[in-house]
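Participant: For reference, the sequence and a predicted model appear below.
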Amino acid sequence: MTGRIGLSTPDLGATEEEFLIRAFRSGWPGPSGPETDRFEVEVAARVGVGHAAAVSSGTAALHLSLLAQGIGAGDLVVVPTLTFAATANAVVYTGARPVFVDADPATGNLDVDLVAELLLAPPRPGSRIAAVLAVDINGACADYDRLLPVCRAAGVPLVEDAAQALGSTYRGRAAGSFGRIGTFSFSWNKIITTSSGGMVVSDDAALIARCRHLATQAREPVPHYEHRDVGYNYRLTNLQGALGRAQLRRLDGLVERRRTLRERYAKLFATVPGTRILGDGESGSNCWLTSLVVDPEVAGWNAEELGAHLRERDIETRPMWKPMHRQPVFAHCPARVTGAADRLFATSVSLPSGSALGEEQISRVLDVVDEFLQRR
Ligand SMILES: *Cc1c(COP(=O)(O)O)cnc(C)c1O
């Protein structure tokens, strides 16, 4: 069988088609509308929080979550160095500066000891750390049992970038619900997609109302156009809301498929020395991406060789994110690093993880991995 196999591709079917067509025929594509409103209520219920505002992307959700808390110029925000650039970009949009913190090598999530050190002694005397922005990497929640008390003791709010983690839990609680405010992404490659989209969630009604206000050009509720703040055109459209509602109905099944795929990789690599699956043992993870970490000294081969072997056979792979403190655009930002994220970047390969992969495609990936291992 041929055809490119992607890392994480959209999983859309008859339910999505039905919801989209119904919204289309309602004659109300957008801006927001009844489908957007229902999508917000349903996501809030799923996450177990009081309020949600649907927006045009996960990046917009992050931007608003910071703005709504009054974060801006002069502030510092703790950001994991191992994340997608959007997390750090959103901080810069507000005028604040990211302070990068390294990862726990076992999970890839924030190193809580480093966060604790940083909150006790900020990088610049007199500077205010306005928030800790935690990312649930590959869908596995950060170590909130330890992180939340550290933030609470310092009086610094936690913001949860749960872009990758819809459907995940940590100690039985849903991802997205751990911070003062949390964000999701419904980008094309996330666990559910609205083609592009995002959500801000919180128990704080005023914060979410503020996000919604800023997302709709900060238009005051009067008949003429009145604006007291700089606003944004960040709302999720009614059509996208319909797509999101259909995807949300299928979420448990989509998580199940990714988890099963993770288990098959885990089984394959269980007997391969020098390999481990990042965050394996995080039972609540939605398994959004499966990243293999390879110790080349023990394995006798490295992650890049496996990645290249798969790519040559039209199977998409990628190393984990290049750490933010290594990015030219963020080189001037303060950072507390141990080298853990650098090592994960250098020794990891993310494997096709999408729920849309059929049995034939999965078998092909596993066969090609097997073929690589046989040749070593
Ligand atoms: C995808 C992602 C985002 C950005 O979401 P978009 O919807 O693409 O804007 C932010 N943070 C993390 C960790 C992500 O994976």
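Facilitator: Cool, got the structure.
Participant: Export only the CA atoms of the helix or strand where L366 lies, formatted as PDB.
Facilitator: According to DSSP states H and E, L366 maps onto helix 359-374. The C-alpha coordinates for helix 359-374 follow below in PDB (Å, rounded to 0.1, in the frame of the first residue of the first chain):
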ATOM      1  CA  GLU A 359      -5.300  -0.800  10.300                       C
ATOM      2  CA  GLU A 360      -3.500  -1.100   7.000                       C
ATOM      3  CA  GLN A 361      -1.600   2.200   7.600                       C
ATOM      4  CA  ILE A 362      -0.800   1.200  11.200                       C
ATOM      5  CA  SER A 363       0.600  -2.200  10.000                       C
ATOM      6  CA  ARG A 364       2.700  -0.400   7.400                       C
ATOM      7  CA  VAL A 365       4.200   1.900  10.000                       C
ATOM      8  CA  LEU A 366       4.900  -1.000  12.400                       C
ATOM      9  CA  ASP A 367       6.400  -3.100   9.600                       C
ATOM     10  CA  VAL A 368       8.700  -0.300   8.500                       C
ATOM     11  CA  VAL A 369       9.900   0.200  12.100                       C
ATOM     12  CA  ASP A 370      10.400  -3.500  12.300                       C
ATOM     13  CA  GLU A 371      12.400  -3.500   9.100                       C
ATOM     14  CA  PHE A 372      14.600  -0.700  10.500                       C
ATOM     15  CA  LEU A 373      15.200  -2.600  13.700                       C
ATOM     16  CA  GLN A 374      16.000  -5.900  11.900                       C
END
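Participant: buried residues in that helix?
Facilitator: Buried positions in helix 359-374, judged by neighbour count with 16 or more other CB atoms under 10 Å: Q361, I362, R364, V365, L366, V368, V369, F372, L373. No exception for glycine: its C-beta is placed from N, CA and C like everyone else's.
Participant: List the contacts of the fifth one.
Facilitator: When the contact criterion is CB atoms under 8 Å, 6 or more residues apart in numbering, the partners of L366 are R264, Y265, L268.
Participant: angle of the longest helix along the chain against helix 359-374?
Facilitator: Longest helix of the chain, by residue count under DSSP state H: helix 251-269. In terms of direction (axes from the mean of the first three to the mean of the last three CA atoms, to 10 degrees), helix 251-269 departs from helix 359-374 by 20 degrees.
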